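Peer 1: I'd like to go over a predicted model; first the sequence, then the structure.
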Amino acid sequence: MEIKRFEETLGTEEELVTKKLERWAEAIGDKTFIYYGEENQSISYRTFNQLANAFANNLIKKGIKKGDRISLFLRNPLVTTIAMFGVWKAGAVYCPINFNYKGRLLSYQINDTQPSMFITERQMVPLLNDVHSKLFPLSVVVYDPKKGDHDYQPELKDVELHGKLPSVSFDDMVSGNTKNPEVTLKYYDNANIIYTSGTTGNAKGVVQSYRWIHGYTYMFRVFNKQEDIIYNDLPMYHVGGAFALVARAAFLGCTVALWDKFSSNDFWKRIKVSKASNAILLDIMIPWLMNKEPSENDHVNTLTRVHMQPLPKYHHEVAKRFGINFVSAGYGQTEAGVGFVGIIDELEEGQGTPKGLFKGFTRKETLKISNKLGIPFQKGNQDLAKGYMGKATTFYEAAVVNDYDEECGPNETGQLVLRPRYPHLQLNEYFNTPRATVNAFKNLWFHTGDAGYKDEQENYYFVDRMKDVIRHKGENISSYQVEDMVNQHKDVNVCAAFPVLAAQGDEDDIVVYAVANSDDLQVEDLKKWTQETMPKFMWPKYIKLISELPRTPTNKVEKYKLKEMFQNELIEKSNY
């Protein structure tokens, strides 16, 4: 069992996920890299590498140069994965777009990124056509599902891109030269631009290097063997799906099982079909699974390790019911990567994954890895405080600071800050936003914008978001984005949006207070309009009309007063 410390991998090809893919294509070429569950389709390492190579070589043939940005607006995760590796192998920068975006949100991100090429699929063409007048000329690649494919939509097969947007076929892009492109990549080269919610403005593009991907996946990878099967139903525009799951598998030579989206009804069927041993469960997914009718065979499955983000207080109950041997906790961020990690040994011998279904490292081996890398190894029945994240990873310095960046004492809440011990571990910059980059690195710490504390044993705990961010349906949404969209309604003068804790999980519901500029505005009409113009994950659950927004003497909206008003209304209703 050879586990390299992070510093032992620096400056080697171990840092480059593309090189690892090429290595496995040669060494274990017949092994399945991608199992695409939606089509019951398996693609070997050799075949996948050839598809990615063809895509990369065609990009280069079309004039794409190292450092060029390529936007991907795709729902199909298999197509996205092929394109992602092809983009990297061409030396270009992977710039995914949330496939729920439309209208103003979509055109903003495309224009901000200014991509040299745009990759999409037929079902997204109408959304692109809707904003074509707001875009600069784009060169577009279009993926067309075949008749019989799960995502084939016959009513869209003849929908063409607007004439301003010339296109080529995805099928043409994955044919031709299948040799590894002769493009030299370094750990410090830009690999991705992932957009994250802005708090006082539009979403910002986070520029990440190949070392960022390496660092982000490292603490996941060290607890996996090549025999592990990684399950993924998270979107490929998020770091969790694209990197913590898919890229992790490619680094290791594992199989990754892909589905288009999470389904609480089908989750365990998928685990059985794919024989997956590793998964990530985010927030609301966990209560959805727990709310299903219990069965005496719930624990009979192959799922051995699950990362839970955030870690729920009842993690041990989840593990006992579903036979999960190990749960990991931590802190991951688009900008900073993985700053904290902890392993929880949930079950006693014989209580977890049945012996004939078990894959991966044993309890003894997991403990040895944890001790070697300084990762806390807790017992599942131990009472962990809410928000537990473990200890700082060995390649980061961490602290909790006050408003003056002075370090807080034990159990004192402040802002979580991180400082990498090696270059290019954190974001290289916010794309085209130098002031935001400088502000984030004030006093040589990266300021996460999240509140937390540490205890006397240097364990860290997440408390809350300090930024004006709403967490809903697995997405981080800035209140600014919600307000900007609602303010587009012709009868809305101004509005304010804020989160309230949802009934299930640790996510939020969205509340909007709007000031009308017309007597015609009705709550139901505005709610219907938001559902027609905004992505589903941004839909406000509650909309209230108000004559004016409470403001400070300097004209800032006092959202805390709106929150108090809203909570008082809920209390009054509950009393009837």
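Peer 2: Looks like it arrived, so ask away. None of the values given here were measured: they were computed from a predicted structure. Numbers count the residues shown, from 1 in each chain.
Peer 1: where in the stretch 401-550 of the chain is pLDDT low?
Peer 2: For the stretch 401-550 of the chain, applying pLDDT under 70 flags the ranges 468.
Peer 1: and the residue nearest to S274 when sequence neighbours are not counted, which of the three is it?
Peer 2: Of all residues not flanking S274 in the chain, A257 sits nearest, at 3.6 Å (Cβ to Cβ, 6 or more residues apart in numbering). Where C-beta positions appear, they are placed from N, C-alpha and C, glycine not excepted. Assigned state for A257: strand (three-state reduction, DSSP: H, G, I helix; E, B strand; the rest coil).
Peer 1: try F537
Peer 2: helix.
Peer 1: how about the strands in the stretch 251-400 of the chain?
Peer 2: Assigned strands in the stretch 251-400 of the chain, in chain order: 255-258, 278-282, 305-309, 326-333, 337-345, 377-379, 388-392, 396-401 (criterion: DSSP state E, counting those that start in this stretch).
Peer 1: dump these to a markdown table, plus distance to L357 and mean neighbour count.
Peer 2: Below are these laid out as a markdown table (distance: least, Cβ to Cβ, whole Å; neighbours: other Cβ atoms under 10 Å):
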| stretch | distance to L357 | mean neighbour count |
| --- | --- | --- |
| strand 255-258 | 15 | 26 |
| strand 278-282 | 13 | 23 |
| strand 305-309 | 13 | 23 |
| strand 326-333 | 15 | 24 |
| strand 337-345 | 19 | 25 |
| strand 377-379 | 23 | 16 |
| strand 388-392 | 27 | 24 |
| strand 396-401 | 35 | 18 |
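Peer 1: including distance to I193, could those strands go into CSV?
Peer 2: Listed next are the strands of the stretch 251-400 of the chain as CSV, based on distance: least, Cβ to Cβ, whole Å:
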stretch, distance to I193
strand 255-258, 23
strand 278-282, 22
strand 305-309, 22
strand 326-333, 15
strand 337-345, 15
strand 377-379, 36
strand 388-392, 26
strand 396-401, 22
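Peer 1: the residue nearest to S274 touches D228, doesn't it?
Peer 2: No. With contact defined as Cβ atoms under 8 Å, A257 does not count as touching D228 (11.0 Å).
Peer 1: returning to that earlier point: which of the strands of the stretch 251-400 of the chain sits closest to M466?
Peer 2: Minimum separation from M466 across the strands of the stretch 251-400 of the chain (Cβ to Cβ) falls at strand 396-401, 11.5 Å.
Peer 1: now do the closest one against strand 388-392, angle only.
Peer 2: 120 degrees (axes from the mean of the first three to the mean of the last three Cα atoms, to 10 degrees).
Peer 1: what about L289, how many neighbours?
Peer 2: Using other Cβ atoms under 10 Å, L289 is surrounded by 17 other residues.
Peer 1: ok, the one 10 residues further on next?
Peer 2: H299 sits with 18 neighbouring residues when counted by other Cβ under 10 Å.
Peer 1: and K490, by the same measure?
Peer 2: Neighbours around K490, by other Cβ under 10 Å: 9.
Peer 1: and the gap between it and I375?
Peer 2: 55 Å (Cβ to Cβ, to the nearest Å).
Peer 1: export stretch 84-98 as PDB, just CAs?
Peer 2: Taking Å, rounded to 0.1, in the frame of the first residue of the first chain, the C-alpha atoms of stretch 84-98 are listed here in PDB:
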ATOM      1  CA  MET A  84     -13.700  18.300 -20.900                       C
ATOM      2  CA  PHE A  85     -10.700  16.000 -21.400                       C
ATOM      3  CA  GLY A  86     -10.500  17.100 -25.000                       C
ATOM      4  CA  VAL A  87     -10.400  20.700 -24.000                       C
ATOM      5  CA  TRP A  88      -7.600  20.000 -21.500                       C
ATOM      6  CA  LYS A  89      -5.600  17.900 -24.000                       C
ATOM      7  CA  ALA A  90      -5.700  20.800 -26.500                       C
ATOM      8  CA  GLY A  91      -4.300  23.100 -23.800                       C
ATOM      9  CA  ALA A  92      -7.500  25.100 -23.700                       C
ATOM     10  CA  VAL A  93      -9.500  26.100 -20.600                       C
ATOM     11  CA  TYR A  94     -12.700  24.300 -19.500                       C
ATOM     12  CA  CYS A  95     -15.500  26.800 -18.900                       C
ATOM     13  CA  PRO A  96     -18.800  25.000 -18.100                       C
ATOM     14  CA  ILE A  97     -22.100  26.800 -17.800                       C
ATOM     15  CA  ASN A  98     -24.900  25.800 -15.500                       C
END
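Peer 1: next, the buried residues of it.
Peer 2: 84-98 (16 or more other Cβ atoms under 10 Å).
Peer 1: give me the mean pLDDT for it.
Peer 2: Averaged over stretch 84-98, pLDDT sits at 98.
Peer 1: do stretch 344-357 as well
Peer 2: 92.
Peer 1: shift numbering so it begins at 27
Peer 2: Yep, numbering from 27; the last one is stretch 370-383 now.
Peer 1: end-to-end on it?
Peer 2: 20 Å (Cα to Cα, to the nearest Å).
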